[in-house]
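Asker: everything below, folded, please.
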Amino acid sequence: MAIIKELKDKSPKVGKDCFLAETATLIGDVELGDNCSIWYNAVIRGDVHYIKIGNNTNVQDNATIHATYQKSPTNIGNNVTIAHGAIVHGCTVKDNVMIGMNAVILDNAIIESNSIIAAGSVVTKNTRVESGSVYAGIPAKKVKDISAELLHGEVERIANAYHMYSSWYK
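Answerer: Model (predicted):
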């Protein structure tokens, strides 16, 4: 069973039909929407500020979601994929976004809807990622507009696939 820990009178809230892997950790002021999946060794630590995650979002193995004390909460939208090993910290990630493996999103960054952050990229503090864009590199910069094929064939497909994968574990 996942670690779900109350801290400072705040308990994680988990929506309907969510999958929490046995080694996933949710602490404190964390709220998950419906149909989410939190995978092995993922940590969502709402100890210093709140973390809100929308519906049909997946947080894959070894990802970390945190915030900045009394400054920067973390808000994550619907149909978001946070891939293996990613770090999402004190920022806003809107709907239909894919954060690639080992990418890092830093404080007060805003990732607009229908975007991709490439694997290994670092989105620096206060960066605003344009809606409909692919950002890559260190620091992450826009490399191209997202095509309809990429949006549907990757961002939406992966979000929906992880909901299906989670059903295998329930």
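
Asker: got the buried residues for the helix ranked longest in the chain?
Answerer: Longest among the helix segments of the chain by residue count, using DSSP state H, is helix 157-169. Residues of helix 157-169 classed as buried by neighbour count (16 or more other Cβ atoms under 10 Å): 158-159, 162-163, 166. In this view, the C-beta of every residue, glycine as well, is placed from N, C-alpha and C.

Asker: how much space between the residue nearest the centre of the chain and Ala103?
Answerer: Among the residues of the chain, the one closest to the centroid is Ile82, at 4.2 Å (Cα atoms, centre = their mean). Ile82 sits 9 Å away from Ala103, taking Cβ to Cβ, to the nearest Å as the criterion.

Asker: identify all contacting residues around the lowest-mean-pLDDT helix or strand in the chain.
Answerer: Across the helices and strands of the chain, mean pLDDT, DSSP states H and E gives its lowest value to helix 148-150, namely a mean of 90. Counting by Cβ atoms under 8 Å, 6 or more residues apart in numbering, the neighbours of helix 148-150 from elsewhere in the structure are 116, 134.

Asker: and stretch 108-119, by the same measure?
Answerer: In this structure, residues lying in contact with stretch 108-119 by Cβ under 8 Å, 6+ apart are 72, 77, 83, 90-103, 105, 123-137, 140, 143, 146, 150-151, 154-155.

Asker: gap between the two ends of it?
Answerer: Length of stretch 108-119, first residue to last, Cα to Cα, to the nearest Å: 20 Å.
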